[in-house]
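Trainee: Sequence and predicted structure are below.
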Amino acid sequence: MTSTSSRVPSPPPFGRTTAAMVTPFRADGGLDLDGAQRLAVHLVGGGCDGLVLSGTTGESPTTTDAEKEALIRAVVEAVGDRARITAGVGTSDTRHTVALARTAVRAGAHGLLVAAPAYSCPGQEAVAHHLRTVADATALPVMLYDIPGRTGAGTALTTDTLRRLAEHPRVQGVKDCAYDLMKTAKVLATTGLAYYAGCDEQALPLRAMGAVGCVSTVANAAPREVRAVLDAYDAGDPAEATRRHLRLVPLIAAMTGTAHPGAVTAKALLNALGLPSGPVRAPLLAAGPEVTSELATALKAAQQ
């Protein structure tokens, strides 16, 4: 197997401090492209060198293919080469996913985020075939999204599947939301995949294991604070990294550890901060005043 140090590019292929950006909507529910551009510029200015568009936090289940394409074009235009733009293209239909991947190329994306199909319950060989087919469809690097909790049947990518997919030249990374540290360690030890913590509470622990960065929901509201954890660790000060990480934990818990999805909590905070966000789309419901107040208190504490 290829060693991690020999294959992971420097800088990492999808950025290092990467925000799972929300998709701003207007008050009438339409796509807010101007707001998306302003938010993207704000996040990059706050320290994010990567943005993931049309992930779950970006409400991809309720945006159209045309909206996804327009969003990529707008954000790429706004931030240029100051950040790596990764487009979420995962669906339960391989043909549809391939079409979205090719559209992302035309729109200017720098990479693709692809999860295992939901609900159809494919076995590991079928999952691998699906992901390889998408990787074969374009020249863009692919980040695999290992998130069994969002695949209907709890389909996790196994250690063996990840190792086999790592042999594909365009499969270059993993957004890790599997909560399986043993699997993560095995794959890190035996492949060159660039690992990203997809759950904010694991950003520092996975960095210590060899991950290259994070794809962060919390970075929508606190990009500087999320980056500061990685900066401290990479500067050779794990104690400072730990201090900063623990100071973020109440905000992480408030944004991702409740019954409210990250899209809801991130948009509540962004709206409270006067940053582009707007409403969520049904079936999601906006956070109420009490939840928003709790989120704002947690954010203020994290920024002290």
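Mentor: Everything's here; your move. Residues are numbered from 1 along each chain as shown.

Trainee: Pull the contacting residues for residue 184.
Mentor: By CB atoms under 8 Å, 6 or more residues apart in numbering, the residues touching residue 184 are 176, 178, 195, 206, 209, 211. Yep, even glycine has a C-beta here, placed from its N, CA and C like the rest.

Trainee: So which of those wins on neighbours?
Mentor: Taking other CB atoms under 10 Å to define a neighbour, the member of the contacts of residue 184 with the most is residue 176, carrying 30 neighbours.

Trainee: in this structure, which spans are strands?
Mentor: 17-20, 50-53, 84-88, 111-115, 142-146, 171-176, 194-197, 213-216 (DSSP state E).

Trainee: Now do the same contact list for residue 86.
Mentor: 14-15, 18, 50-53, 109-113, 143.

Trainee: make that residue 215, sorry
Mentor: 14, 18-20, 50, 52, 55, 175, 196-198.

Trainee: Which two of those have the greatest separation?
Mentor: Spatially, the most separated pair among the contacts of residue 215 is 55 and 197, at 14.0 Å (CB to CB).

Trainee: can you list the weak-confidence ranges in the stretch 151-300 of the chain?
Mentor: 151-154 (pLDDT under 70).

Trainee: go again using 80 as the cut-off
Mentor: The stretch 151-300 of the chain contains residues with pLDDT under 80 at 151-155.

Trainee: Tell me where it has helices.
Mentor: Using DSSP state H, counting those that start in this stretch, the helices of the stretch 151-300 of the chain run over 159-165, 181-190, 203-209, 223-234, 238-256, 262-272, 289-302.

Trainee: What is the third one packed up against?
Mentor: Applying 3 or more CB pairs under 8 Å, 6 or more residues apart in numbering; DSSP states H and E, one finds that helix 203-209 makes contact with helix 181-190, strand 194-197, strand 213-216, helix 223-234, helix 238-256.

Trainee: go on, the fourth one?
Mentor: Applying 3+ CB pairs under 8 Å, 6+ apart, one finds that helix 223-234 contacts strand 17-20, helix 203-209, strand 213-216, helix 238-256.

Trainee: List the buried residues in it.
Mentor: For helix 223-234, the neighbour count (16 or more other CB atoms under 10 Å) marks 223, 225-233 as buried.

Trainee: Ok, the longest one next?
Mentor: Of the residues in helix 238-256, those scored as buried under the neighbour-count criterion (16+ other CB under 10 Å) are 241, 244-245, 247-248, 250-252, 254-256.

Trainee: how much does it deviate in direction from helix 289-302?
Mentor: Here helix 238-256 runs at 170 degrees with respect to helix 289-302, directions being taken by axes from the mean of the first three to the mean of the last three CA atoms, to 10 degrees.

Trainee: So which residues make contact with helix 238-256?
Mentor: With CB under 8 Å, 6+ apart as the criterion, helix 238-256 contacts 199-201, 203-204, 207-208, 217-218, 221-222, 225-226, 228-230, 232-233, 262, 265-266, 269, 294-295, 298-299, 301-302, 304.

Trainee: out of the residues you listed, which are buried?
Mentor: Buried among the contacts of helix 238-256 by 16+ other CB under 10 Å: 199-201, 203-204, 207, 217-218, 221-222, 225-226, 228-230, 232-233, 262, 265-266, 269, 294-295, 298-299, 302.

Trainee: Any of the contacts of residue 215 buried? List them.
Mentor: Here, 16+ other CB under 10 Å leaves 14, 18-20, 50, 52, 55, 175, 196-198 buried among those.

Trainee: Relative to residue 81, which of those is nearest.
Mentor: residue 50 (11.9 Å).

Trainee: okay but the closest one is in contact with residue 20, surely?
Mentor: No: contact criterion CB atoms under 8 Å: residue 50 and residue 20 do not qualify, at 9.8 Å.

Trainee: what's the closest of the helices of the stretch 151-300 of the chain to residue 139?
Mentor: Using CB to CB, the nearest of the helices of the stretch 151-300 of the chain to residue 139 is helix 159-165, at 17.0 Å.

Trainee: Residues in contact with the closest one: which ones?
Mentor: Under CB under 8 Å, 6+ apart, the answer for helix 159-165 is 1, 124, 127-128, 131-132, 135, 144, 146, 157, 171, 174, 183, 186-187, 190-191, 193.

Trainee: Buried subset of those as a ChimeraX selection?
Mentor: Filtering the contacts of helix 159-165 down to the buried ones (16+ other CB under 10 Å) takes a single ChimeraX command:
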select :127,128,131,132,135,144,146,157,171,174,183,187,190,191,193
